[in-house]
Every structure is written in structure tokens, then in C-alpha cells.
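Chemist: compute the structure for the input listed below.
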Amino acid sequence: MPVEPSADRQAADLIIFGGTGDLSMRKLLPALYHCDRDGRLADETRIIAMSRGGLGDSDFRGKVDAEVRPALGDPEGWDRFARRLHHVSIDIGGPAAPAGWDALAALLAGHEDRDRIFYLASPPMTFGPFCHGAQEAGLVTPRSRVVLEKPLGRDLASAQAINDEVGAIFEERQIFRIDHYLGKETVQNLLVLRFANAFLEPIWNSLWIDHVQITASETVGTPGRRGYYDHAGALRDMVQNHLLNLLCLVAMEPPAHNDREAVRDEKVKVLQALRPIVGSEVDRFTVRGQYTEGTTATAAGDVTVPGYLDEPDSTRPTPASQRVETFAAVRAEVKNWRWAGVPFYLRTGKRLPTRRSEIVVQFKEVPHAIFPGAAPNRLVLRLQPSEGIELCLMAKEPGAGDVTLRPVPLSLSFAETFQSRVPDAYERLLMDVLSGNPTLFMRRDEVEAAWRWIDPIIAHWDGSAMLPEPYPAGTAGPAGAHELLARSDRTWHEEAPQ
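Modeler: Below is the predicted model:
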């Protein structure tokens, strides 16, 4: 049941730049409501949205009431949450910007002893200007923190430039680079599964594991977003951050302590151990595709959807549109003693048959099979749509006569097992920001190490005359993705015998 806010929580001012945008309305404000409902926000904590909307406090509260509240059903404690909401109008870089900073300064005046969180739910090009504007307005205090949404730049050089700009205002300990995948319950449980269970760690290496698959597939396309996606693509949008973060958590060594820096130290070591993919190797170890018109399943039945170049409500296609990938697959290798010879297959795409994110750890076959039909064990960690863990073992079917084997899953569904609502990833991460815990956030050297590995792939694709391989919407991606595994007699998880 919802509870009243806890009196021992430290009051904070959370300023969301881009506070009327899609991320804020769909993710941040609902997450903050749930934190408030569960008593995790101090009584005096305020949520201050900043945007060019020209809204007053009451207008903003009305907008949130109309757009956020219906998705929450019948929210308890809504009036208390609504009283936390404020709005300040500002146009960064515009002639009226000083008035916006003055209005925010007036709202924050007298509360310099509070934690002050600047959440930049805006394009990365605004990160530096916002931080400089906040400093010039005298709003950055020793108790301030700044949260940066991904993507952090388009390549290593732009990421370094952003880090330099923000780092000129905030110390590294004050900068929280967010990846919402790291707040998912399954990701948290991956660390517990590995480091709190004695049976698993001895086999978590190349002697017992054949390969690892990390997949993030979406059924949606990019209607209305081609202008953004032309400059991003699947590799930048998903692989450089989300999938590489998951790879690091699977492959990292046990940290000496479960503290804020030890975990991040081990993640950086994994990125530094990734075998570079350069030159002609890019064609061998990566696949890129772009969806064309096809049929996709919906609740109302199968429907025909347009290809990427024909998505409605988007800017007109350009030569860049023809070259951007909506699907990317990469065969990565971690060159160290634990993982030598174990491929990590990373895959993401739009307009695929199902929406799911998962990590599949495929174990090797038993060294000497005395039962016919034995299949290798498999550990599946589901991040979405329903978070949980599944360990696939071989078991004998009941009955007399010949021994017949069948794969049997041992499943853990967090919602069913713990009989509680599984919190959204942003809830966990927002509370970590408010408490000043950076463990699940990316450090500067981690971000730049990821770009350093990704950049040669992007450079080769940009310099190639080849276009992304087409695949019909609603299918499992381009044929090259299947060939990527088939060359070593492997298949993607959904294609393997179950």
C-alpha cells in the first residue's frame, strides 16, 4: 500500500530540462510518481520542469494530469505528487534565456542546502550550453548533480567534447550518465546471480560456455522520427550503450567490493579487452540492415507497414536515409583468460517479429553424452517484456521404456515470485541519483572506451559503397544476421530447437 513520504529522506530540487518532452511525460514523471507513492521522496522535494512551453505551474500540472495520470489508472496520492510540480520557461541560447534563468534562481533561492539535481532530458548538443548557463546563473552548488541522457555524442570525438564541456562545470563525481537498461530488475539480479551463488561462478568461463547472445528487438518502426534516426542508427542508438553495458555485466570479473567504483572499474576492463573490429573484418563480423515494407502482427491482426524510407510523418528521405541501419548485429570477443574463444553476439533492430530484450548464455555440450538427444544447457535472462530468469536443463520424460529426454525450464518470474509490482528501471536510477550513488551510471572512461571500439565499425560502414541489407518488416532481420552465426554452426536463440 502507498505510504506517506519518509521524514528521513533528504529534500531535493529535481530540475528536468525538457520537462514537457516525451521522455519526461512517458518515463520520468510516472517513475517519480511511483517513488512518491511508495514514500521514497522527502516531504519538501520539488520537481521543476524547464521547457520552452511558456507554461505556468498550474498549466504544467494540468498537462501532467491530462497526459500522465490516465496511464497510471487510479493513482493514490496524486494530489500530493501534483503539488510537487513546478514549471519554468526557458529557451537555451535564445534572447529570453536570462529571464528563464532568473525565474529558476528565484524558485531555488533559500534552498541552497538541498541536493540540486539537473536532469537533462534533451539532445546532447544542449548539455554543454545548459551547464554553462546554470553556472553563470549561480545555480551550481557543491551539492548539485547533473544527469545526462544517452546518446552521449555520435562518436568518440563528440563524446569527449561533451564530457569536456560538462566536466568544466561539474566534477566527475557529480555527473551521472544514465542508461536505463542498467536499472532493470533482471540486470540487478545478474550480478546477484553471478556473485551470490557459489555453483555458477566456477563455470562462468570459456571452459563451459559456448557463446553469449544479447538481443534487443522492437516491433515498432520510426514513424515521425526519421530525422533523428538518420543521424543515429541502430549501432549508435542501442549497441554503443545498452548492449555493451549488458556485455560488460556478463563478462566482468568479480569486483573486490560492491561499491560505487569497484563495479565500474571492472566494466571498463571488459571494454578495454574487446578485440578491435577494423578494416575488412567489419564486413565479416558485423551485419547491418534496413526494414522494407512488410507485415507485422498486432492485437487487431496482421497489418502491412511501410519501409523505413516511406515512414509517415517524417522528414523526406535523403541519401543518408538510404545508408542508415535499423538493424545491427556484431560478433564481439573479449580477449582475456576467462573469455578467450567465446563469441558474444549482439543484435538489435526495429520492425522485428517480437519486442524483447534478453541475454542468453549458451553452455557447451556435455563432454560425453550417454543419453541420445541431450541438448546443451542454456541460461536466459529476460529484461522485457516480462522480467525473469530461466535455466534450461535436460530431464527424462515420465514413463516406462526408453529414456526420452526433453529440455525443461526452471523459471523465475519476478512479478509472480515476489507478488509485487516490478519497479520501472527509471525508478531505481532516479533514487540512485537522489542518494548520490553512481554505481549503475557510466563513468567518462567507460563511455569513451565504448566509442573507441564502435568508431572503426562506423567508419568502415560510412566509407563502404554497400547499403544496409534489406529485410521485410515483421521478419527476423537480414539473412546476413543468420549467416553470422551459421558460419560457426550456431543459431539465434529463437531459431534453436526448444
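
Chemist: run the chain-centre distance for the strand or helix carrying Leu104.
Modeler: Using DSSP states H and E, Leu104 maps to helix 97-108. Mean-position distance between helix 97-108 and its chain equals 32 Å (C-alpha atoms, centre = their mean, to the nearest Å).

Chemist: which helices and strands does that helix pack with?
Modeler: In this structure, helix 97-108 packs against strand 46-51, strand 85-89, helix 127-136, with contacts taken as 3 or more C-beta pairs under 8 Å, 6 or more residues apart in numbering; DSSP states H and E. Bear in mind the C-beta positions are built from the backbone N, C-alpha and C, glycine included.

Chemist: 10 Å instead?
Modeler: Counting contacts by 3 or more C-beta pairs under 10 Å, 6 or more residues apart in numbering; DSSP states H and E, helix 97-108 packs against strand 12-17, strand 46-51, strand 85-89, helix 127-136.

Chemist: which one of these lies closest to Arg114?
Modeler: strand 12-17 (5.5 Å; C-beta to C-beta).

Chemist: so what are the sheet partners of that closest one and their directions?
Modeler: Counting by DSSP bridges, the strands paired with strand 12-17 are strand 46-51 (parallel), strand 115-120 (parallel).

Chemist: rewinding a little: mean pLDDT and mean neighbour count added to the helices and strands packed on helix 97-108, as TSV?
Modeler: Putting the helices and strands packed on helix 97-108 into TSV (pLDDT from 0 to 100; neighbours: other C-beta atoms under 10 Å) gives the following:
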stretch	mean pLDDT	mean neighbour count
strand 12-17	95	24
strand 46-51	94	25
strand 85-89	94	22
helix 127-136	94	19
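
Chemist: how about those in TSV, adding distance to Pro470?
Modeler: Compiled in TSV, the helices and strands packed on helix 97-108 are given as follows (distance: least, C-beta to C-beta, whole Å):
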stretch	distance to Pro470
strand 12-17	39
strand 46-51	39
strand 85-89	45
helix 127-136	35
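
Chemist: tell me which of those sits nearest to Ile117.
Modeler: strand 12-17 (4.6 Å).

Chemist: gap between that closest one and the chain center?
Modeler: Offset of strand 12-17 from its chain centre (C-alpha atoms, centre = their mean): 22 Å.

Chemist: what's the angle between that strand and strand 85-89?
Modeler: 40 degrees (axes from the mean of the first three to the mean of the last three C-alpha atoms, to 10 degrees).

Chemist: and the angle for strand 12-17 with helix 97-108?
Modeler: Angle, strand 12-17 to helix 97-108, by the same axes, to 10 degrees: 160 degrees.

Chemist: ok, then the element right after strand 12-17?
Modeler: Downstream of strand 12-17, the next assigned helix or strand under DSSP H and E is helix 22-23.

Chemist: and the helices in the stretch 301-450 of the chain?
Modeler: Along the stretch 301-450 of the chain, counting by DSSP state H, counting those that start in this stretch, helices occupy 319-323, 414-418, 425-435, 444-463.

Chemist: deepest in the core, which of the ones you listed is it.
Modeler: helix 425-435 (a mean of 21; mean count of other C-beta atoms under 10 Å).

Chemist: state the mean pLDDT of it.
Modeler: Averaged over helix 425-435, pLDDT sits at 92.

Chemist: elements contacting it?
Modeler: Using 3+ C-beta pairs under 10 Å, 6+ apart: helix 425-435 touches strand 12-17, helix 29-37, strand 115-120, strand 144-148, strand 175-177, helix 185-195.

Chemist: JSON lines for the ones you listed, including distance to His460?
Modeler: Formatted as JSON lines, the helices and strands packed on helix 425-435 follow (distance: least, C-beta to C-beta, whole Å):
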{"stretch": "strand 12-17", "distance to His460": "36"}
{"stretch": "helix 29-37", "distance to His460": "39"}
{"stretch": "strand 115-120", "distance to His460": "32"}
{"stretch": "strand 144-148", "distance to His460": "28"}
{"stretch": "strand 175-177", "distance to His460": "26"}
{"stretch": "helix 185-195", "distance to His460": "30"}
